[in-house]
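Enquirer: The following block contains a protein sequence and its predicted model.
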Amino acid sequence: MVEELLHSQAGILNFGIFFLLAVVLLFVILGFVTYAILAERKVMGFMQLRQGPNQVGGRWGLLQTVADVLKLLLKEDTIPKLADKPLFIIAPVIAFAPSFIVMAAIPFTDKFQFADLGVGLLYYVAISGLTTIGMLTGGWASNNKYALLGGMRAAAQMISYEIPLVMSVIGIVLLTGSLNLNDIVAAQENVWYIVLQPVAFIIFLIASVAELNRVPFDLPEAENELVAGFHVEYSGFRWAMFMLAEYVYIFAMASLTTVLFLGGWHPLFSFLGFIPGAVWFALKFMCVFFLLLWFRSTFPRIRADKLMEFAWKILLPIALANIFLTAIIKEILNLF
Amino acid sequence: MTFSGELLAFMSLALVAIAGGVLLLNLNKVVHMVIALVFTFVSIAGIFILLSAEFLASVQILIYSGAITIIMLFGIMLTRHSETNVPKTGRLRKLLLFLGILGFGFAFYIGIYNLDFGQEAADLHVNNTEQIGIALYSKYIIPFELTSVLLLATLVGAIILAKSDDKKEAEKE
């Protein structure tokens, strides 16, 4: 449907349709974020032998996040006196906008997707890098040493881990022969890439957790060192924008992991094909998301100097070796 | 010229690109300038997409708005810099500058007005990335290899510079 729309004449009607679709996607994502936060708190609670939220909205705390968001909206919006005002205001926007833009390229099922880009994978990596600028600007504009340190750490970490992240998926690109996310899913109809590229999967998972700034790589927000990292001075809705960006990236990254390694909307076994692709995608997506929550409640934070060493001295060489090996094996298989 | 979505997109992207460039020149604080530059880079990537150069657009955002901007921000934020305005220039200089701009604009107008690229390639968007790859690794392999050697030399140089700094500091202590 979107394919036809993209080639149609520009007009108010088409603009309206696109706008409406984007708003619908935004609300779907907001709904996901609301319950992702609740799920995170519940899962962490159970793993740490406590209850988690259980007061607002029944026994399961179903309205807890809604109440939290309402509180954030009603909170006073403070801007420090010595802050760089224009940058302080624009930073949450720069951080959030790319997180929503990347959603356009991800194919959820063969029908439900927005843009079928030839360079889908590269597009994701490129656009998600823009968020770093928002974080760095926010940290700088706050005029606070903890915020600046947090921003610097965020930038250094995200740039360093972007490289193993990209290197790990090159194996997949070699096997598929395309950067298009649809082609990558189509190539996994029989065997998922997690089977063919297990090393790449592990590197990708580690690098993606680091890109998401989550435990054990949450140094930019290390509470006991930096108070709260780059968003110390933010309050109310501006702070919520940063948090929202973070959770939208979790959504996007879990979707990308599903698309790249877990076969997207393809069923686990072909005789289970009667179950719709959307259900399969959702199931796999939830497994990846649960893994992220599991990491958060079980791993301790890694030290700052070890963090850089880990990216450059361990992940990158392994990723390069993986590319090398994949290329050789592919060429050998082509000979026969 | 008909009014189409492409024209609309081009106009808005061009506007943002030029506005970013003008802001880059006119803002006072260095960090503000870099943020204005990011807007220019991103809208130029958008114009690449309009020309069906998707790969180039992604790389433009990845390298320019991602890596280079962040290195610039790092450099600016971690060093001291005085935020003083440049002193105002004299009237004669402004006049000469204006004449220079007029001349430049006129030269470009003449250059572009009757420009003919021959027949337009219609299938540029088909397998864009693959075409770039094939061209790069077959026709332009020697320049490509030379560039990689140059980058390697730069990398080694950077490591040597960083190492020698460490030693000097240790000796001082």
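Expert: Yep, it's here.
Enquirer: Give the residue spans of chain B that score low on pLDDT.
Expert: B:1-5, B:80-89, B:118-125, B:165-173 (pLDDT under 70).
Enquirer: And the helices in it, which stretches?
Expert: Per DSSP state H, chain B carries helices over the ranges B:5-26, B:30-50, B:54-59, B:69-78, B:91-113, B:128-134, B:141-172.
Enquirer: Residue in the stretch 101-250 of chain A with the shortest distance to chain B?
Expert: Closest to chain B within the stretch 101-250 of chain A is A:Gly129: 3.5 Å, counting by C-beta to the nearest C-beta. Placement of C-beta: from N, CA and C, glycine included.
Enquirer: Repeat that for the stretch 201-336 of chain A.
Expert: Closest point on the stretch 201-336 of chain A to chain B, by C-beta to the nearest C-beta, is A:Trp312, at 11.6 Å.
Enquirer: that older thread, pick the most deeply packed of the helices of chain B.
Expert: helix B:54-59 (a mean of 21; mean count of other C-beta atoms under 10 Å in any protein chain shown).
Enquirer: what packs against that one?
Expert: helix A:120-128, helix B:30-50, helix B:128-134 (3 or more C-beta pairs under 8 Å, 6 or more residues apart in numbering or on different chains; DSSP states H and E).
Enquirer: how close does B:Val16 sit to B:Leu73?
Expert: As judged by C-beta to C-beta, to the nearest Å, B:Val16 and B:Leu73 stand 20 Å apart.
Enquirer: let me fix that: A:Trp312
Expert: 21 Å.
Enquirer: And A:Leu205, by the same measure?
Expert: 29 Å.
Enquirer: Over to A:Leu20?
Expert: Counting by C-beta to C-beta, the gap from A:Leu20 to B:Leu73 is 37 Å.
Enquirer: near chain B, which residues of the stretch 151-300 of chain A show up?
Expert: Selection of the stretch 151-300 of chain A residues close to chain B by C-beta under 8 Å from any C-beta of the partner chain yields A:152, A:155, A:159, A:162, A:179.
Enquirer: now, which of the residues you listed sits nearest A:Gly31?
Expert: A:Glu162 (29.0 Å; C-beta to C-beta).
Enquirer: Near B:Asn127, how many other residues are there?
Expert: Using other C-beta atoms under 10 Å in any protein chain shown, B:Asn127 has 14 neighbouring residues.
Enquirer: Provide a list of residues in contact with it.
Expert: By C-beta atoms under 8 Å, 6 or more residues apart in numbering or on different chains, the contact list for B:Asn127 reads A:Gly118.
Enquirer: how about JSON lines for the helices of chain B, with distance to A:Gly61 added?
Expert: Shown next, in JSON lines, are the helices of chain B (distance: least, C-beta to C-beta, whole Å):
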{"stretch": "helix B:5-26", "distance to A:Gly61": "44"}
{"stretch": "helix B:30-50", "distance to A:Gly61": "40"}
{"stretch": "helix B:54-59", "distance to A:Gly61": "42"}
{"stretch": "helix B:69-78", "distance to A:Gly61": "39"}
{"stretch": "helix B:91-113", "distance to A:Gly61": "64"}
{"stretch": "helix B:128-134", "distance to A:Gly61": "47"}
{"stretch": "helix B:141-172", "distance to A:Gly61": "51"}
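Enquirer: Chain B against chain A: which residues are in contact?
Expert: Counting by C-beta under 8 Å from any C-beta, chain B sits next to chain A at B:3-5, B:8, B:29, B:31-32, B:35, B:38, B:42, B:54-55, B:57-59, B:61-62, B:65-67, B:69-70, B:73-74, B:77-78, B:125, B:127-129.
Enquirer: what helix or strand is A:Pro317 on?
Expert: Element membership of A:Pro317, judged by DSSP states H and E, is helix A:316-335.
Enquirer: Could you pull up the mean pLDDT of that helix?
Expert: Helix A:316-335 shows a mean pLDDT of 87.
Enquirer: quick revisit: burial of the residue of the stretch 201-336 of chain A closest to chain B, as a residue count?
Expert: Neighbour number of A:Trp312 under other C-beta under 10 Å is 14.
Enquirer: right, and the helices of chain B - which one's nearest A:Leu212?
Expert: Among the helices of chain B, helix B:69-78 sits nearest to A:Leu212 (C-beta to C-beta), with 17.8 Å.
Enquirer: can you pull the contacts of the nearest residue to A:Leu30 once chain neighbours are set aside?
Expert: Distances taken as C-beta to C-beta, 6 or more residues apart in numbering or on different chains put A:Leu244 closest to A:Leu30, at 7.9 Å, once the chain neighbours are dropped. The contact partners of A:Leu244, taken as C-beta under 8 Å, 6+ apart, are A:30, A:33, A:96, A:99.
Enquirer: Most neighbours out of these, which is it?
Expert: A:Ser99 (24 neighbours).
Enquirer: what helix or strand is it on?
Expert: Per DSSP H and E: helix A:85-101 holds A:Ser99.
Enquirer: Tell me the buried residues in that helix?
Expert: Within helix A:85-101, the residues that count as buried by 16 or more other C-beta atoms under 10 Å in any protein chain shown are A:87-88, A:90-92, A:94-96, A:98-101.
Enquirer: Neighbours of A:Met47, how many?
Expert: Using other C-beta under 10 Å: A:Met47 sits among 14 other residues.
Enquirer: thought it was touching A:Phe295?
Expert: No: using C-beta atoms under 8 Å, A:Met47 makes no contact with A:Phe295, being 10.9 Å away.
Enquirer: If you count contacts, what does whichever helix or strand A:Ile133 is part of end up packed against?
Expert: A:Ile133 belongs to helix A:130-141 when elements are defined using DSSP H and E. If you count contacts as 3+ C-beta pairs under 8 Å, 6+ apart, helix A:130-141 packs onto helix A:85-101, helix A:145-176, helix A:236-261, helix B:30-50, helix B:69-78.
Enquirer: Go again with 7 Å.
Expert: helix A:85-101, helix A:145-176, helix B:30-50, helix B:69-78 (3 or more C-beta pairs under 7 Å, 6 or more residues apart in numbering or on different chains; DSSP states H and E).
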